[in-house]
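**Student:** Pasting the sequence and the predicted coordinates here, then a few questions.
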Amino acid sequence: MSESTITSRPPVQDREVLESLLKHRFFYGPSFEIYGGVSGLYDYGPAGCALQANIIDTWRKHFVLEEDMLEVDCPALTPYDVLKTSGHVDKFADWVSRDLATGEIFRADHLVEEVLESRLKGDKEARGVVESTDPAKEEKDKKRKKKVKETKAIKLDDETVAEYESILAQIDGYSGPQLGELMVKHKIVNPTTGGELEAPREFNLMFETAIGPSGQLKGYLRPETAQGQFLNFSKLLESNNSKMPFASASIGKSFRNEISPRAGLLRVREFLMAEVEHFVDPNDKSHARFDEIKDIRLRLWPMDVQAQGKTDISELSIGEAVSTGMIDNQTLGYFLARIYLFMIKIGIDPKRMRFRQHMANEMAHYAADCWDCELQSSYGWIECVGCADRSAYDLTVHSARTKEKLVVRQTLDEPVTVESFEVELQKKKFGPKFRKDAPKVEEFLLSRTECERENLAQELKDTGKIVFEVAGIDGKIELDSSFITIEKRTRVEHIREYTPNVIEPSFGIGRILYSLIEHSFWTRPEDAQRGVLSFPPTVSPTKVLVVPLSSNAEFTPIARELVSKLRRLGIQSKVDDSSASIGKRYARNDELGTPFGITIDFQTVKDGSLTIRERDSTKQVRGSQDEVLEALRSLIFDGVSWESGTSHLATFVSQDIE
C-alpha cells in the first residue's frame, strides 16, 4: 500500500465507542477476567489473533525475506549472568516515588508530567482560554490515566508557564535525581492526599524466577529478544558463510513488570516483539541499498529541537538527514526508511507518524544514535519502534564475560603494519606472589584496552611500577618492571579482527496493532453507530465475506464451492448465512475490517455470476465467478486499487439498504 492510497482520518473522538467495538467483536480483552483480571495482561480473540498474525507475516516478508535475514528463536527464560552482563540487572528500571504515609507508588516522570500539565490547564482556565476539543491538540491530556483528578484554575506567571512547557518537552530525558529536583522545586506531592513523596528510586522491571528444582540458578523472563541473537553471533556468522554485513531477526514474547499498566495494549506486562540485529563493520556503516531509499521523506524531531523545549518537526529526505549528520550513518538511515515503508504497508497513517531522536542524556552511553518511530493515537504520541546504533557494546561485554571471541576475522588484500602496546608477564613470578589470585590478575592486565595499556606503560616508565585494583582481590596491587613489561611493538597483520557494531530496529507489535486499529477506525456519516475498520487487505483478519442472499438450499453448494476455491487461492474467507439482512451482515463484518464481500443470489443460480462489494465505499460490481476470483486475487495480493482491479466488471446496484 502506497502513502497516496491511505486515507488520513482524524484521531478517535470518542475512544469508548472504539473500545466497545473491540470488546464486542473480541479483538482482545483482559486475561483471567472471570477471576477479576490482572492488569497489564490481555487475551487476543479470533479477530485480534488474525490481525496480529498478519502483521507479523507482513513484517517477516518485509524484513526477514526481503533483507535476507537469519531468523532465530531463543528461550524467554534467561539466566541471571546473561542479563547481568548485558546491564539489565543493574539498569533496566524506571524511577518511582513512594508516598511516605500511604505507601502508594508513582512513576516519577509520569507524575511530574501530569501535575505540570494540570497546572498549565488550570492557568488557561484562569485566563479564560478555551481549549480546542481536537484530540490532536489534547494528546498530552489523554496520554495516560491521570493521577491528577482535579484541575484548579490558578493563573501562572509567563515565566513559569514557559518553564513548565520546556520541562514537558524534555520529560523523557530526565534522570531520577533530576526528577527529584523538579519535584522539590515545583512542590509536587501526592495529588490525592497532598502527602510527601520520597525521592525517586529505581525499580527493576524484570520478572525474577528460579531455574530448576534447587532454586539455585537464578533467572529472569527476558525483557527483550535481542540477547539470544548476540550470544549466537558466531553461529550466525558461520551460517552466513562468514560474510559481513548481515542481519538476524527474532520474533517472540517479552516481559516487563510495569509499575502501572494502563492504556490497553500500550503498556502491558507480556507482549510480542520483533527485533532485528544488523551486524556491520564499525569502519564502514554504508548500506548497499541506500540509494533505493535516500529520497524517502520522514517527519523528524531531532534532539537539538527537543533540547530547546520545541516540538517543531523537520521533513527531510533520508539522504539529506544522513549527509548533514542528523542521522548518524547510512545503515541507520536505511532502517528508518524501511520501518516507515513497513508502517505504510500495514495501513498506518503517515501524517500521524514521526521519528523522534533520543536526547544526549536519554541515550545509552554506548549508543552512537537512536530514533523512535512514534505513532499518534487518542493517547498521544506512542513509541512503537526503537532504532538504535548500539555500537559494539553487546558483543564486547558478552565476549569479556565468557572469554568467547565474538569477532569477525577478515583476510586483508594487502598486509598492514600495526603498532600497539603489548603486555608481557613474568608468569614464573606470578604464582608465588599471587597464588590462587594469579589468574585474576593476569586476566585483568591482558584485557586492558589499547588506551589503558598506553597509560599503564607511561606509569611504569615514570615511576618504575604500576598500581591497580582487581575485583575480588582486597587492597591495591603493585607490580614493578621485574613482573611486567608494557611496550609499543610493531607487527605485520594479514588478518583483521574486529567486533561488529549493531544497528537494532525493535518493534512493539501490540502497540503497532492498537495504533493501526485507531488509524483505521471511522463511522458511517449516516449512522455514527456503524463502525468501520479500514484495514488494508494485507493485514485484515478475514479477506472476503461470502453472503448467500437467503437460507435457500440452492445457495449452499455454491457457497461451499466458492469458499473451496478461495481457500485454494490462499484467500481467507468467512460465510455469513444468518437470517439478518445483507446490509446488517456486511455492517457486522465492516467492524471486523473485512475488505470485500461476495453476494450469492438467484442470478448466481442461473448463470454463475457474483457480486463483489468493497467495504469503505460500499460500491458493488458483478461478473462471472472466474472474473470475480481473479479480481479478488489482484486486489488482495497485487495491491491494485478497487477501480483498477474491477474496471472490467459491471456496476451493480444493491436492492438491500446499506
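**Tutor:** Okay, I see it. Numbers count the residues shown, from 1 in each chain.
**Student:** Which parts of the stretch 51-200 of the chain are helices?
**Tutor:** Under the criterion DSSP state H, counting those that start in this stretch, the stretch 51-200 of the chain contains helices at 80-86, 88-91, 108-127, 158-169, 176-185.
**Student:** what's the least confident stretch among those helices?
**Tutor:** Lowest mean pLDDT within the helices of the stretch 51-200 of the chain: helix 88-91, at a mean of 85.
**Student:** Run through this structure and note the low-pLDDT ranges.
**Tutor:** 1-5, 130-150, 654-658 (pLDDT under 70).
**Student:** The helices of the stretch 51-200 of the chain into a markdown table, with extra columns for mean neighbour count?
**Tutor:** (Glycine included, C-beta is placed from N, CA and C.) Below are the helices of the stretch 51-200 of the chain laid out as a markdown table (neighbours: other C-beta atoms under 10 Å):
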| stretch | mean neighbour count |
| --- | --- |
| helix 80-86 | 19 |
| helix 88-91 | 15 |
| helix 108-127 | 20 |
| helix 158-169 | 14 |
| helix 176-185 | 17 |
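**Student:** all helices for the stretch 301-450 of the chain, in order.
**Tutor:** Using DSSP H, counting those that start in this stretch, helices in the stretch 301-450 of the chain cover 303-307, 318-323, 330-346, 393-402, 427-434, 438-446, 450-463.
**Student:** List the buried residues for the fourth one?
**Tutor:** In this case it means helix 393-402. Within helix 393-402, the residues scored as buried using 16 or more other C-beta atoms under 10 Å are 393, 394, 395, 397, 398, 399.
**Student:** What of stretch 53-64?
**Tutor:** For stretch 53-64, using 16+ other C-beta under 10 Å, the buried residues are 54, 55, 56, 58, 59, 60, 62, 63, 64.
**Student:** Now do the end-to-end distance for it.
**Tutor:** Separation of the first and last residues of stretch 53-64 by C-alpha to C-alpha, to the nearest Å is 15 Å.
**Student:** Could you give the separation of it from the chain centroid?
**Tutor:** How far stretch 53-64 lies from its chain's middle: 14 Å, per C-alpha atoms, centre = their mean, to the nearest Å.
**Student:** hmm, who's touching that stretch?
**Tutor:** With C-beta atoms under 8 Å, 6 or more residues apart in numbering as the test, stretch 53-64 has contacts from 69, 71, 249, 251, 272, 274, 276, 338, 341-342, 345-346, 505, 507, 509, 512-513, 516, 538-541.
**Student:** Okay, domains of the chain per the record?
**Tutor:** Domain ranges of the chain: 3-75+222-393+502-509, 97-204, 416-495, 542-651, per automatic domain parsing.
**Student:** Go through these and name the closest to residue 407.
**Tutor:** With distances scored as C-beta to C-beta, the stretch of the domains of the chain nearest to residue 407 is domain 3-75+222-393+502-509 (8.5 Å).
**Student:** My read is that residue 464 contacts residue 478, right?
**Tutor:** No: contact criterion C-beta atoms under 8 Å: residue 464 and residue 478 do not qualify, at 10.5 Å.
**Student:** follow-up on the earlier one: which of the buried residues of helix 393-402 lies closest to residue 224?
**Tutor:** residue 394 (10.9 Å).
**Student:** from memory the closest one sits against residue 232, does it?
**Tutor:** No: applying C-beta under 8 Å as the test, residue 394 and residue 232 come out as separate, 11.9 Å apart.
**Student:** Report the buried residues of the lengthiest strand in the chain.
**Tutor:** Criterion DSSP state E: the longest strand present in the chain is strand 408-425. Neighbour-count burial for strand 408-425 flags 408, 421, 423, 425 (criterion: 16+ other C-beta under 10 Å).
**Student:** Put together CSV for the residues you listed, with distance to residue 6 on each row.
**Tutor:** Below are the buried residues of strand 408-425 laid out as CSV (distance: C-beta to C-beta, whole Å):
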residue, distance to residue 6
408, 41
421, 58
423, 60
425, 65
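**Student:** how about the residues you listed, which pair is most distant?
**Tutor:** Across these, no pair lies farther apart than 408 and 425, at 28.0 Å, counting by C-beta to C-beta.
**Student:** bridging residues for residue 599?
**Tutor:** Here residue 599 sits in beta bridges with residue 547, residue 611, as judged by DSSP bridges.
**Student:** Hmm, it is touching residue 547, no?
**Tutor:** Yes: with contact defined as C-beta under 8 Å, residue 599 and residue 547 form a contacting pair (5.1 Å).
**Student:** Let me see the contact set for residue 456.
**Tutor:** 448, 466, 468, 486.
**Student:** Which among those residues count as buried?
**Tutor:** By neighbour count, with 16+ other C-beta under 10 Å, the contacts of residue 456 hold 448, 466, 486 as buried.
**Student:** could you flag which of the contacts of stretch 53-64 are buried?
**Tutor:** Those of the contacts of stretch 53-64 that meet the buried threshold are 69, 249, 251, 272, 274, 276, 338, 341-342, 345-346, 505, 507, 509, 512-513, 516, 538-541, by 16+ other C-beta under 10 Å.
**Student:** Narrow the residues you listed to those in helices?
**Tutor:** Mapping those onto helices (DSSP state H) picks out 338, 341, 342, 345, 346, 509, 512, 513, 516.
**Student:** returning to that earlier point: out of the buried residues of helix 393-402, the closest to residue 565 would be?
**Tutor:** residue 394 (49.7 Å).
**Student:** Which secondary structure element is home to the closest residue to that closest one other than its chain neighbours?
**Tutor:** In this structure, residue 394 finds its nearest non-sequential neighbour in residue 230, 4.5 Å apart by C-beta to C-beta, 6 or more residues apart in numbering. Residue 230 belongs to helix 226-231 when assigned by DSSP states H and E.
**Student:** got it, and residue 564?
**Tutor:** Going by DSSP H and E, residue 564 is in helix 555-568.
**Student:** Any idea how many residues pack against the spatially closest residue to residue 97 that is not a sequence neighbour?
**Tutor:** Nearest non-adjacent residue to residue 97, counting by C-beta to C-beta, 6+ apart: residue 197, 4.3 Å away. Close neighbours of residue 197, defined as other C-beta atoms under 10 Å, add up to 22.
**Student:** what residues are up against residue 197?
**Tutor:** Taking C-beta under 8 Å, 6+ apart as the test, what residue 197 contacts is 97, 98, 99, 100, 106, 111, 183, 188, 189, 190.
**Student:** now with 10 Å?
**Tutor:** By C-beta atoms under 10 Å, 6 or more residues apart in numbering, the contact set of residue 197 is 96-101, 104-106, 108, 111, 180, 183-184, 188-190.
**Student:** now residue 386
**Tutor:** Contacts of residue 386 (C-beta under 10 Å, 6+ apart): 224, 275, 339, 358, 370-373, 504-508.
**Student:** Of the residues you listed - the most surrounded one?
**Tutor:** In terms of neighbours by other C-beta under 10 Å, the contacts of residue 386 top out with residue 371 at 30 neighbours.
**Student:** can you tell me how far that residue sits from residue 254?
**Tutor:** Going from residue 371 to residue 254 by C-beta to C-beta, to the nearest Å gives 20 Å.
**Student:** same question, residue 544
**Tutor:** Distance, residue 544 to residue 254, by C-beta to C-beta: 34 Å.
**Student:** more neighbours, the two?
**Tutor:** Higher neighbour count among residue 544 and residue 254: residue 544, with 29 against 19, using other C-beta under 10 Å.
**Student:** show me the contacts for that one.
**Tutor:** Contacts of residue 544 by C-beta under 10 Å, 6+ apart are 537, 562-563, 566, 569, 571-575, 589, 594-598, 612-613, 628-629, 632, 635-636.
**Student:** quick one: the residue nearest to residue 448 when sequence neighbours are not counted from residue 463, how far?
**Tutor:** Spatial nearest neighbour of residue 448, excluding adjacent residues (C-beta to C-beta, 6+ apart): residue 456 at 6.7 Å. Residue 456 sits 11 Å away from residue 463, going by C-beta to C-beta.
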